[in-house]
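1. with the sequence up front, the predicted model follows.
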Amino acid sequence: MRRALGPIAVLLLLAGLDVALPRLINPYLFQIVVLCGINVILAVSLNLVNGFTGQFSIGHAGFMAVGAYGSAMFSLHVGQKWADALAAAHLPGAIATGLPLLAALLLGGLLAAAAGWLVGLPSLRLRGDYLAIVTLGFGEIIRVIITNVNAVGAARGLPGIPGWVDFFWVGLGVVAVIVVAVNLAHSTHGRALFAIRDDEVAAEALGVDTTRYKVLAFVYGAFFAGVAGGLFAHYLSYLNPNSFTFLKSIEVIAMVVLGGLGSISGSVLAAIILTLLPEVLRPVKDYRMVLYSLMLIVLMITRPGGLLGNRELRLPWRKRQTASGTGLA
Amino acid sequence: MTAPADAPLLQLDDVTMQFGGLKAVSGLSLTLGRGELVGLIGPNGAGKTTVFNLITGVYAPSAGRIVFEGKPINGKKPHAIARGGITRTFQNIRLFSSLSCRDNVAIAGHAHSRAGLTDALLRTRRFAEDERELQSLSSAMLERLGLTRFADTRATELPYGQQRRLEIARALAGRPRLLLLDEPAAGLNPQESEDLMRIIQELRTQLELTILLIEHDMRVVMGICGRIAVLDYGVKIAEGSPERIRRDPRVIEAYLGEEVPTAPPS
């Protein structure tokens, strides 16, 4: 039973913040908090591919788009009916919208994971720049499709998505991706990924099924990108192809590299900093993006390994685990 | 399905490896019995490492058969062969540079871990048991190679000689029945190299290993190998006891030329 205490505590904390946050901060700040959360999910999930396994994917926005549009279409055509039926059955609002949202997020994640599997397959033969180009191509294909298919709104965008996402769901997504990444990193499977990053030939010679793990990293990374996309769609209630351009992929890569490849806490920190930075810089108006870029350049020059290198932030009262190594220590 | 005890552990049957017009290994037959320590020598470019790459599945032979414990293994993937009981070290050290020594060794135990991905993500009891086993396996192998005090050091921060040892510890953690050592003493000083050979001998008896050893240092190979095969231009030109190899005129011509006259009579 003690094992259940942690998750319950997390759920209660998220629910408490869910109630308290909108009362404590103004809607503008609240939106930034939500966007921070979504970007944290994107950055940590990309870190599984680029940081843990050392593959270079620059199509993360594509996976996010698959999840966003997939979950949005589900909610528009199916989820909304479920929500109405549940509300008619006099269930409390949080459950009436929560269940269909959960279904939509999982569906979006799974669709993206399927796409991740497809894109991961060429990763068996390609590496480095060549793989990057494949993922770039994938991202562009997705963007061109959603810009042109009328059923998903084409270039006009997709309006009217139920706005079911509140802080609770974003927080849950953040917790989920971090738990998965940390548990993976501290297991033999995570070590297998690090081994592939460091020396693929040696990993294979020592019994690591490199094929399986390289695809696996793509599938997990894409799943959470899809979930982030689903959260994004159900928070803004509106999707536009312009949110999923190549620049979005680059933004997520910047977060991962800035945080330190392979460092989970680094990704979290960098995602938050890079989401806040453009907002903080609003007073300087036109020079905003110049300063933003300058800061990136200065950071990379002064800390070429990323903010945290490949280290992790540790809670000071937590002892170093024996499973240790984390592979990142 | 296990082969009878007296059957050879590894059998290379007329194995050829052709890269375009180049025959790196040509019609090689070689048999290793259980518990043997066999040396594979030959001048640079003779095809020794190619033989290792063939046995471990990095290359699939152009012709011929490789049989391990009675089952053909040519065409299998390297990770499957590693799981099947053959692990190796590399001539040019290939450690996992960002990982600690402990984790470097633990990775080789991965092949035998039973906890699946779900166990790891949910932190089940099976995961915990499995992780404990891997860690103790790792510690045991580090201890055998005298690397315990480096357990938490990053692999690439070790002195060169210790990195060579770490490669062996890592290969052992894969619980091999056949261990392939590719120039384990390369770059070591005479004292280090002597210590290493003593350790290899001990490992062979204590872990009931069969070992195939590529080595350049003649003194080393002559000292510990029961049998030696000599490769030149991909062809096996001689095989037999160290004594016979030392006197074989073809070997002298191909390789030992200058060494033999100065070698002390034993």
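-> Nice, thanks for sending it over.

2. could you use CA atoms for every contact and neighbour count after this?
-> OK.

3. quick check: phi and psi at residue B:18.
-> The phi/psi pair for residue B:18 (degrees, to the nearest 10) reads phi -120, psi 130.

4. quick check: bridge partners of it?
-> When assigned by DSSP bridges, residue B:18 has beta-bridge partners residue B:23.

5. next, count neighbours for it.
-> Using other C-alpha atoms under 10 Å in any protein chain shown, the number of residues around residue B:18 comes to 14.

6. from chain A, how far out is it?
-> Noted for residue B:18: a distance of 21 Å to chain A, by C-alpha to the nearest C-alpha, to the nearest Å.

7. just confirm that residue contacts residue B:60, I think it does.
-> No - taking contacts as C-alpha atoms under 8 Å, residue B:18 lies outside contact range of residue B:60: 10.0 Å.

8. overlap in contacts of these two?
-> Residues touching both residue B:18 and residue B:60 (C-alpha atoms under 8 Å, 6 or more residues apart in numbering or on different chains): there are none.

9. which parts of stretch A:49-58 are buried?
-> In terms of neighbour count (16 or more other C-alpha atoms under 10 Å in any protein chain shown), stretch A:49-58 has its buried residues at A:49, A:50, A:51, A:52, A:53, A:54, A:55, A:56, A:57, A:58.

10. secondary structure element for the residue of the stretch 1-150 of chain B found nearest chain A?
-> At 3.9 Å from chain A, residue B:79 is the closest residue in the stretch 1-150 of chain B, using C-alpha to the nearest C-alpha. Here residue B:79 sits within helix B:78-83, counting by DSSP states H and E.

11. once you drop chain neighbours, what's closest to residue A:198?
-> Excluding the flanking residues, the one nearest residue A:198 by C-alpha to C-alpha, 6 or more residues apart in numbering or on different chains is residue B:96, at 5.1 Å.

12. same question for residue B:106.
-> In space, and not counting its chain neighbours, residue B:106 is closest to residue B:138: 5.2 Å by C-alpha to C-alpha, 6+ apart.

13. hang on, the one you found in a helix?
-> Yes - if the criterion is DSSP: H, G, I helix; E, B strand; the rest coil, then residue B:138 is within a helix.

14. and stretch B:145-160, average pLDDT?
-> For stretch B:145-160, mean pLDDT is 92.

15. what does chain B put close to chain A?
-> With C-alpha under 8 Å from any C-alpha of the partner chain as the criterion, chain B meets chain A at residues B:56, B:78-83, B:87-88, B:94-100, B:102-104, B:106-108, B:110-111, B:113, B:117, B:120-123, B:131-132, B:135, B:152, B:171, B:174.

16. residue of the stretch 151-300 of chain A closest to chain B, please.
-> Ranked by C-alpha to the nearest C-alpha, the top residue of the stretch 151-300 of chain A for proximity to chain B is residue A:207, at 3.9 Å.

17. my read: that residue touches residue B:85, true?
-> No - Residue A:207 is beyond contact range of residue B:85, at 9.6 Å (criterion: C-alpha under 8 Å).

18. any regions of the stretch 1-150 of chain A where pLDDT drops low?
-> Within the stretch 1-150 of chain A, the segments meeting pLDDT under 70 span A:1-2.
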